[in-house]
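Participant: Sharing a sequence plus its predicted fold:
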Amino acid sequence: MTAHAQDPYRIGRGGGADSTTGRGEGGPASKRTTVGYGFWIYLLSDIILFSGFFAAYAVLARQTAGGPSSHDLFGQERVAIETAALLLSSFTCGLAGVAAEKRKLVPALAWLLATGVLGAVFLGLELIEFAEMIGMGAGPQRSAFLSAFFGLVGLHGLHIAVGLLWLGTMMAQLWVKGFRPQVLRRLMCFTLFWHALDIVWVGIFTMVYLMGVAP
Amino acid sequence: MLGKLSWSAIPFSQPIPLIAAGGVGLALFAVLGWITVKGHWPYLWKEWITSADHKRIGVMYVLLGLVMLLRGFVDAIMMRTQQASAIGHAQGYLPPEHYDQIFSAHGTIMIFFGAMPVIIGLMNFVVPLQLGVRDVAFPTLNSTSFWLTAAGALLVNMSLVIGEFARTGWLPYAPLSETTYSPGVGVDYYVWAIQISGVGTLMSGINLVTTILKLRAPGMGYLRMPMFCWTALGANMLIVAAFPILTATLAMLTLDRYLGFHFFTNEAGGNMMMFVNLIWAWGHPEVYILILPAFGIFSEIFSTFSSKPLFGYRSMVAATLFIVVVSFTVWLHHFFTMGAGGDVNAAFGIATSIIAVGTGVKIYNWLFTMVGGRLRFPTPMLWSLAFMMTFVIGGMTGVLLAVPPADFMLHNSMFLVAHFHNVINSGVVFGAFAGITYWFPKAFGFRLDEYWGKMAFCLTLAGFLIVFGALYVLGLEGMTRRLQHIDFTEWAPWLYVSVAGIGVMILGVASQIVQIVVSIRNREALRDETGDPWDGRSLEWATSSPPPAFNFAVLPKVHGEEPYWTIKRQAIESQGLADEPPYEAIEMPRNSATGVVTAFFATLIGFSMIWMIWWLAALGFVGAYATFVVFAWRDEEEKEIPAEEVARIDRARRAARSKWLEENREQPA
């Protein structure tokens, strides 16, 4: 050992002493850890995708090209309901996760259904907002500001829509296959995904809707 | 019914693409016909197309990359010859609209479908073996990644006969790429091909990051990982952090083109400089995504063929991670002339110079690895040495370009073209060839022919130096890039020199092909019996060549750095292998058609979106979702390899090793 320490090629080499699996020197991690970890990495990449659209919105927010600005367009009432629905859906999604941990099928499915309904309410309100804006001539073709708005908020809406599709598939799997390990792992990933969309929404709510109407 | 698609999409009036496509099509049908006649389809389907084995997928990635490198090389030959034959009154043989497609396709294909698949393929093949594990974290996802990349490559090559490719350069700068100025389907081909393959690359990045951080043999701490694993980790973290920016940027361009949004347009407040900023915020990390794994390959090769551990391992790790971070702070040097002002340009110029320090550290470490070593010079080592000498030249011209005032003179010139080919060719391409020759015996069980390998090396290096030496001079004489016609006859001699150089490179490429053919013929003579043909130091050499599906019968226990070297020394000193371990059954991932089916629907979506065939696109999305559901529904994800089978395979490996020990008994330990 001392001979090693004096060898200049070995300076700075040596491993961590941690023997937990998946960390340090403990050998390969369990499947659950690997799947969860990989999904977190995906979520990070997804947040970077959003950051591109956030950056575009920040650059283009004042480029209204003589058209309506954020002050003219954004009321807070509908957005408040949207936000409440989405945040509440995150809570019900968490409860579904807890029920799944306790292997209670009916509560898990019920809470997932509640999550889906709240998500659909959110998405419906958003689509109504989009339709109203397009109807009053404030569609994405009107100005760069509106392009960036529809791009950013639409991307989030698209994620919610895909999430709802995933949620439906997830409930069907749970119903048919029960609490198998791979179904539980997927459920864990779904809840992570849903919470991440919440975090992104908080960013959109702040940057688009609150800062948009700030004097 | 068929959107914008009609017979006029096929360029009947242009002989060059038609003949080229006809040739490619014939070759393709010949190969497919041969496979059908010989009845190889079941084998290909079972063992390769649906395989979830990281080694098979890695080999397929490299194959795809090599074929596409060849396609990109043909584009390069056309550009060099067109410029040399269009000086003064001469017009050459490529009309401008075709020439513009060729330089766009050349860059796109070389980076996205040539270099990336080869590099990702090598990481896929080598990383799990070096970490001492049985597969990547998500094997089916890995197969999907590969097939999505292949789908993108297919779309780009379809544009040769159906419609046209982008004429905007390899990065479709707005507003040129907007519908106002590029109304055809060229940019749409670019966008959908890159988006589809980009999803594949991102998933591959997620997969490899998770593999390296979560799946390592027991005892393999972070600072015991081979250098290639570290650089692969760096490159894949960059993929995860940078590729979503590309996806976002191209999505915005797509919205502009398809739905009349105004992200990058001239009118309604769009900001075209935002496109350049966003695309290079991906684009600069991208060059490090390509070069970092190549650095890892060179580290492995210098260490193996110097018969010494890598010098300055920890500083190498630090330099890699330094490059990962700093690569995100230099993107503006791609457009110093934008007019961001002196302060901004200075900040990015300094950051650009600083990032060269990380590479400098690596160069010195490789030099000191060789100092005092017992050097051997097979083909992989030759590529590595040539890399070190030529890359330093490319690096220095890069540092020159990093000085904003100099860049104002040199930007958009052939000097810039020579610079980035200098670094990408000698870094990534030489690295890829070095890596392929180095790990080829591991993948196929026999070495590549040395004579033809050295021939290919000498010719490629000579041709490369002649071509880009000439382009450096042309750049300094003021020639701008992407010229379809040359007005100044003074440039003619150097253009002829570069054509001569590409002639030498053609011979180099031919030698590579001959090398593979000759090696396959002589495979019995070149057989790697032990699994350790180069006297290697890391764990991939501990298993047989080619490795069994499960890589290691028993996961190796790592007790220090260079674990395989330790095992080998112990065996030589004690004149015997360690005791036979107790064998257990091994669970391996089952084959899955998910990847290839997903890629089929992705190609369908891409093609129908390009030609605006909406119903077909909808069908593609439904098909992709159905594939997802079917995949989610499958009950058995893994198959079991029984313990007896594992024992039989591993005993054969042990017998080969014992034989080697027996035969080399006289050697001093």
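Facilitator: All right, it came through fine.
Participant: Show me what residue of the stretch 501-650 of chain B gets nearest to chain A.
Facilitator: residue B:561 (4.8 Å; CB to the nearest CB). For every residue, glycine as well, the C-beta is placed using N, CA and C.
Participant: That residue touches residue B:222, doesn't it?
Facilitator: No: in this structure, residue B:561 is not within contact of residue B:222 by CB atoms under 8 Å, at 11.2 Å.
Participant: So for the two, which residue has more residues nearby?
Facilitator: Taking other CB atoms under 10 Å in any protein chain shown, residue B:561 and residue B:222 do not tie; residue B:561 has more neighbours (24 against 17).
Participant: ok, now how distant is that one from residue B:132?
Facilitator: Separation of residue B:561 from residue B:132 (CB to CB, to the nearest Å) stands at 13 Å.
Participant: Show me where chain A has its helices.
Facilitator: Along chain A, counting by DSSP state H, helices occupy A:2-6, A:31-60, A:70-73, A:76-101, A:105-135, A:144-177, A:181-204, A:211-213.
Participant: Just give me the lowest mean pLDDT stretch among these.
Facilitator: Of all the helices of chain A, helix A:2-6 carries the lowest average pLDDT, namely a mean of 50.
Participant: check contacts around residue 145.
Facilitator: By default, I'm working from chain A. Residue A:145 sits next to A:60, A:61, A:62, A:63, A:64, A:65, A:67, A:69, A:70, B:269 when contact means CB atoms under 8 Å, 6 or more residues apart in numbering or on different chains.
Participant: wrong chain, I was asking about chain B
Facilitator: Per CB under 8 Å, 6+ apart, neighbours of residue B:145: B:120, B:200, B:201, B:203, B:204, B:207, B:595.
Participant: So among these, where is pLDDT lowest?
Facilitator: Within the contacts of residue B:145, lowest confidence goes to residue B:595 (92).
Participant: For that one, which non-adjacent residue is closest in space?
Facilitator: residue B:143 (3.4 Å; CB to CB, 6 or more residues apart in numbering or on different chains).
Participant: For whichever residue of chain B sits closest to chain A, give me phi and psi.
Facilitator: Residue of chain B nearest chain A, by CB to the nearest CB: residue B:221 (2.3 Å). For residue B:221, the backbone dihedrals are phi -70, psi 170 (criterion: degrees, to the nearest 10).
Participant: Only C-alpha atoms, please: export the host helix or strand of residue B:105 in CSV.
Facilitator: Assigned by DSSP states H and E, residue B:105 belongs to helix B:96-108. Extracted in CSV, the C-alpha atoms of helix B:96-108 (Å, rounded to 0.1, in the frame of the first residue of the first chain):
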residue,chain,number,x,y,z
PRO,B,96,-25.6,26.5,-57.7
GLU,B,97,-28.9,25.1,-56.3
HIS,B,98,-27.3,21.6,-56.4
TYR,B,99,-24.0,22.7,-55.0
ASP,B,100,-25.7,24.4,-52.1
GLN,B,101,-27.5,21.2,-51.2
ILE,B,102,-24.2,19.3,-51.3
PHE,B,103,-22.4,21.5,-48.8
SER,B,104,-25.4,21.4,-46.6
ALA,B,105,-25.7,17.7,-46.8
HIS,B,106,-22.0,17.2,-46.3
GLY,B,107,-21.9,19.0,-42.9
THR,B,108,-25.2,17.5,-41.7
